[in-house]
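Peer 1: Sequence first, then the predicted structure:
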Amino acid sequence: MQIIDRSKRIAAAGVLLGGLILAGCGQPPAPGGPPQGGTPEVAVVVVKPERVAITTELAGRTSAYLVAEVRPQVGGIIQERLFKEGGDVKAGDVLYRIDPATYQAAYASAKAALARAEANLTPLRYKAERYQELVSIKAVSLQDYDDTVAALKQVEADIEVNKAAVETARINLAYTRVSAPISGRIGKSSVTTGALVTASQATALATIQQLDPVYVDVSQSTANLLRLKQNMANGQLKHDGVNQSKVKLLLEDGTLYPQQGTLKFSDVTVDPSTGSVSLRTVFPNPNQTLLPGLYVRAILEEGVNERAILIPQQGVTRDSKGQATALVVDGSDKVAQRVLAVERSIGGKWLVSQGLKPGDRVILEGLQKVRPGVPVKVVPFGTKTDTTAPGRAAGPAEVKK
């Protein structure tokens, strides 16, 4: 019996020892040790300075190059409308005819008054010349001569007044033909034939807009304007005089307008309600694609950065504080984290102003498997391949047959 009990105790001790050994083998590795499965592989891109044209995209609206509201300058009844609504007109084209009867009569009356004054001029002039000879020999009194000269000057003044009256009547008669002041596209008419209009009335008869070229007015924040001036001052941006005034345009549906525009001027007053300044650009519009009031986005070239640092957006993440960060591989092939200052996105890349320098290796692939301080195996971006065999998925261990 003692031999049997002793054998049982030895067997139990063996089972316990084996369990402890198996438990020790299943413990995870200590923190900071090498990751399971060997050194992780990451794909990196080497930071290289590039020459980049810095542009800014600003929202705005189009407006007509010239706008003229057609109003009558004399009153009367509209006899005829001589244009097609929505059509193109040229400067000087007659748009409306106002009943000219009263203005023709006034013009004829003014001409008659002028003729009467001119008829009185000739005999008085001859009389003044004769009196000038007779007064020297005292054949007429000096008073009679002075009266004749005064009458002559009065008639000459009457002639000038009547000439002005004739010109006024002629102008008023011409105003009965309401003409287009500019060339462009005319809108709808606010009056019809038979309507009574008055001189300089508040309501325009029609509106003409010149649509080729057109203005595009956009707004730029003062913060961006100050940043641009600072970058110019410290040499980070260089002014390109050739392309600085060129502007591109994105239409409301996102398509690029085929014609390039020109920056005309920047306003000198800041809008206190928005904290922005207005910029006016001019675009050719031969096909009249751009209509007044259209919402567009203008792309202006601010300058050229000769040593810009651009990295793909997939290599930049945000930490809990909202700061832009990137993982880089240092000289000892270990991962390090950098806090970045990014300015804007350019073609799927971030423009980085602080946090990276030329030669840094930024991790783009394999970010999920690494953390700062971990050694990694570096491969160029675009050459990293998946180590999982085709047709096999990661999962539980296979069951032996």
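Peer 2: Cool, got the structure. Numbers count the residues shown, from 1 in each chain.
Peer 1: Could you double-check that residue 317 lies in contact with residue 325?
Peer 2: Yes - because the distance of 5.7 Å satisfies C-beta atoms under 8 Å, residue 317 is recorded as touching residue 325. All C-beta spots, glycine's among them, are computed from the backbone N, C-alpha and C.
Peer 1: So in the protein, which strand runs the longest?
Peer 2: Longest strand in the chain, counting residues (DSSP state E): strand 50-70.
Peer 1: buried stuff in that one?
Peer 2: Neighbour-count burial for strand 50-70, with 16 or more other C-beta atoms under 10 Å as criterion, is recorded at 52, 54-56, 58, 60, 62-65, 68, 70.
Peer 1: same check, this time on stretch 94-114
Peer 2: For stretch 94-114, burial by neighbour count (16+ other C-beta under 10 Å) applies to 95-100, 103, 106-107, 110-111, 113-114.
Peer 1: go on, stretch 255-275?
Peer 2: Result for stretch 255-275 [16+ other C-beta under 10 Å]: buried residues 257, 261, 263.
Peer 1: ok, back up a step: now the buried residues of stretch 94-114 as CSV including secondary structure, distance to residue 354 and pLDDT?
Peer 2: CSV is the format used below for the buried residues of stretch 94-114 (DSSP: H, G, I helix; E, B strand; the rest coil; distance: C-beta to C-beta, whole Å; pLDDT from 0 to 100):
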residue, secondary structure, distance to residue 354, pLDDT
95, strand, 63, 95
96, strand, 66, 96
97, strand, 72, 96
98, strand, 71, 95
99, coil, 76, 95
100, coil, 76, 95
103, helix, 76, 95
106, helix, 79, 95
107, helix, 79, 95
110, helix, 81, 94
111, helix, 84, 94
113, helix, 86, 92
114, helix, 84, 93
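Peer 1: Go through those residues and say which is closest to residue 223.
Peer 2: When the buried residues of stretch 94-114 are compared for distance to residue 223 (C-beta to C-beta), residue 95 wins out at 48.2 Å.
Peer 1: Quick check: that closest one touching residue 82?
Peer 2: Yes - between residue 95 and residue 82 there is a contact under C-beta under 8 Å: 6.0 Å.
Peer 1: Okay, now the unreliable bits of the protein?
Peer 2: In the predicted model of the chain, residues 1-37, 227-245, 268, 384-401 satisfy pLDDT under 70.
Peer 1: domains in this structure, as residue ranges please.
Peer 2: 41-53+308-380, 54-65+209-305, 73-97+177-203, 100-175 (automatic domain parsing).
Peer 1: where does the third one sit relative to the chain's centre, distance-wise?
Peer 2: It refers to domain 73-97+177-203. For domain 73-97+177-203, the distance from its own C-alpha centre to the chain's C-alpha centre is 34 Å (C-alpha atoms, centre = their mean, to the nearest Å).
Peer 1: Could you work out the end-to-end span of it for me?
Peer 2: End-to-end distance of domain 73-97+177-203 (C-alpha to C-alpha, to the nearest Å): 12 Å.
Peer 1: ditto for stretch 355-362
Peer 2: End-to-end for stretch 355-362, by C-alpha to C-alpha: 11 Å.
Peer 1: need the contact list for residue 316.
Peer 2: Shown in contact with residue 316 (C-beta atoms under 8 Å, 6 or more residues apart in numbering): 324-326, 340, 342, 350.
Peer 1: Dump those residues to JSON lines, plus distance to residue 332 and neighbour count.
Peer 2: Putting these into JSON lines (distance: C-beta to C-beta, whole Å; neighbours: other C-beta atoms under 10 Å) gives the following:
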{"residue": "324", "distance to residue 332": "25", "neighbour count": "17"}
{"residue": "325", "distance to residue 332": "20", "neighbour count": "15"}
{"residue": "326", "distance to residue 332": "18", "neighbour count": "24"}
{"residue": "340", "distance to residue 332": "22", "neighbour count": "20"}
{"residue": "342", "distance to residue 332": "27", "neighbour count": "19"}
{"residue": "350", "distance to residue 332": "26", "neighbour count": "22"}
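Peer 1: Among those residues, which are located in strands?
Peer 2: With DSSP E as the criterion, strands contain 324-326, 340, 342, 350 from among the contacts of residue 316.
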